[in-house]
Structure formats: C-alpha cells, structure tokens
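Engineer: sequence first, predicted coordinates after that:
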Amino acid sequence: MNYAEIEKRLGYVFKNKKLLKTSLTLASADPDDNNQTMEFFGDAILEFIVSEKIYDDDKSEGELTEKRKTYVSDKALTPVSKKLGLDKFFIKSQGDTVLKKSIPSAYEAVLAAIYLDGGMDAARSFVYRTMDFSPARPQINYKGKLQEFLQGRGEPLPEYERKNIGTPQKPVFRSMVAVCGRTFEGTADNARQSEQLAAQKALEFLNKND
C-alpha cells in the first residue's frame, strides 16, 4: 500500500499506519480485521461533526435532521469518497467486485481512523476540508430547457456524445451536443455535469441568436 499517496489525498499523515490500512480493508480480504467496525464508528463521528456544523442554522429539529441527511447519506458521501480516490486503494480479495456501499463506507472508516490517530480536531479538519458545506445553489436543468427550446421550434432533439478524457485516479468528462449545425462542449469531473454544461452553452447561444 502506498501510504504516502493516500495520505497526500487525505491531507493527513498517520502516526499509526495500521489504522489507515484497516480503514481500507474490506471483509473479503480479512473477515476478522477489516473496516466494518471503523465504518460504524466513523458514521457516528461524522453525524456529530455535521450536527455541530449546522447547529446554528436557525432551523427546527426536523429541518436540521433532514439537512444532516443530505451530508451523511451514501448518495452524498459517494462522490466525496470517489474524489479522494479511496476505492482505488481498497484491500480486497482477488475477484471481489466492490459493492456500491463500500465506497461511501470507506469515507466513514477513514474518518474513524483519523480520529483514532489524531483526535477530534484532526477528524473535524478532515471533514471540513473534504466536504462542501457551502449553501446549495438552485440546480438548473439546462438539458431539459434545451430540449423544450428545440421542441418549441420543431427542431430535432439534441444528442449527446460523452468521453472520459481523464485518468482512473481523476476522471474528467467531456460532453458534446450538436444543435442546429453547431457543436457545443462541456467539461467537468462529473459526467452528468459535463452534459449540463454543454447544454447550457448551446442554450445561451440559441437564446442570443434567436
């Protein structure tokens, strides 16, 4: 295991490297010494840190609970874990296909490992550094708006072509959409976002030249 590479991604250097190793070990590789217990512990630590972060948001208990879910759910943690590349360092048995649950769970396990190695300040710093707590911006569905625009003018529906031009460690997607004889491109580290960016450029051009 390349500890230096993982620690660089995490922004934290372990005093006890075994904690890091265990946090990335799946049960298929070692039924007795794997990251399942760390995942359980990390889940509780993450809920506390997020609760502490959003406590002063002037919301009701129910609203705070729902807001916390948006940060600690598997859906929210999966892209965070992938961005760190944790799934690339899993220790697993040969032929083991990594389950979707393993990816967000790895973030929780690594968080527990950091807490056990460096305490709450280190754990809190890791969460603040790797998770986005900025106010959510309204999401505009540019693909849907582009389709509506073209349908309203009797034009063919847009077709998207997408390529991964990045690396396994850092995916980068480029999407292209052909509209009215012109091609528009969008590039992002998320496949769907790259298509949205391409659609946005096409829509802006069409609105400007309509």
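Structural biologist: That came through, no problem.
Engineer: burial of residue 50, as a residue count?
Structural biologist: When neighbours are counted by other CB atoms under 10 Å, residue 50 registers 21. C-beta: built from backbone N, CA, C; applies to glycine.
Engineer: now swap in residue 123 and tell me
Structural biologist: Neighbours around residue 123, by other CB under 10 Å: 24.
Engineer: can you classify the residue lying closest to it once chain neighbours are set aside by secondary structure?
Structural biologist: Nearest non-adjacent residue to residue 123, counting by CB to CB, 6 or more residues apart in numbering: residue 115, 4.0 Å away. Using DSSP: H, G, I helix; E, B strand; the rest coil, the structure places residue 115 in helix.
Engineer: gap between residue 115 and residue 106?
Structural biologist: 15 Å (CB to CB, to the nearest Å).
Engineer: between those two, which is the more surrounded one?
Structural biologist: Per other CB under 10 Å, whichever of residue 115 and residue 106 has more neighbours is residue 106, with 27 against 23.
Engineer: ok, that one to residue 142 distance?
Structural biologist: Distance from residue 106 to residue 142, by CB to CB: 32 Å.
Engineer: what is the neighbour count of the spatially closest residue to residue 155 that is not a sequence neighbour?
Structural biologist: The shortest distance from residue 155 to any non-neighbouring residue, by CB to CB, 6+ apart, is to residue 180 (6.6 Å). Counted with other CB under 10 Å, residues neighbouring residue 180 total 13.
Engineer: I'd say residue 180 and residue 154 touch.
Structural biologist: No - between residue 180 and residue 154 there is no contact under CB atoms under 8 Å: 11.7 Å.
Engineer: look at the closest residue to residue 86 other than its chain neighbours and tell me its secondary structure.
Structural biologist: Nearest residue to residue 86, sequence neighbours excluded (CB to CB, 6+ apart): residue 106, at 4.2 Å. Put simply, residue 106 is helix when judged by three-state DSSP.
Engineer: quick one: the residue nearest to residue 155 from residue 152, how far?
Structural biologist: Taken as CB to CB, the span from residue 180 to residue 152 is 13 Å.
Engineer: hang on, the earlier thing: contact partners for the residue nearest to residue 123?
Structural biologist: The contact partners of residue 115, by CB atoms under 8 Å, 6 or more residues apart in numbering, come to 41, 42, 45, 122, 123.
Engineer: in CSV, list those residues along with secondary structure and distance to residue 197.
Structural biologist: Shown next, in CSV, are the contacts of residue 115 (DSSP: H, G, I helix; E, B strand; the rest coil; distance: CB to CB, whole Å):
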residue, secondary structure, distance to residue 197
41, helix, 39
42, helix, 34
45, helix, 35
122, helix, 36
123, helix, 34
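Engineer: and of these, the nearest to residue 165?
Structural biologist: residue 42 (33.4 Å; CB to CB).
Engineer: next, count neighbours for the closest one.
Structural biologist: 25.
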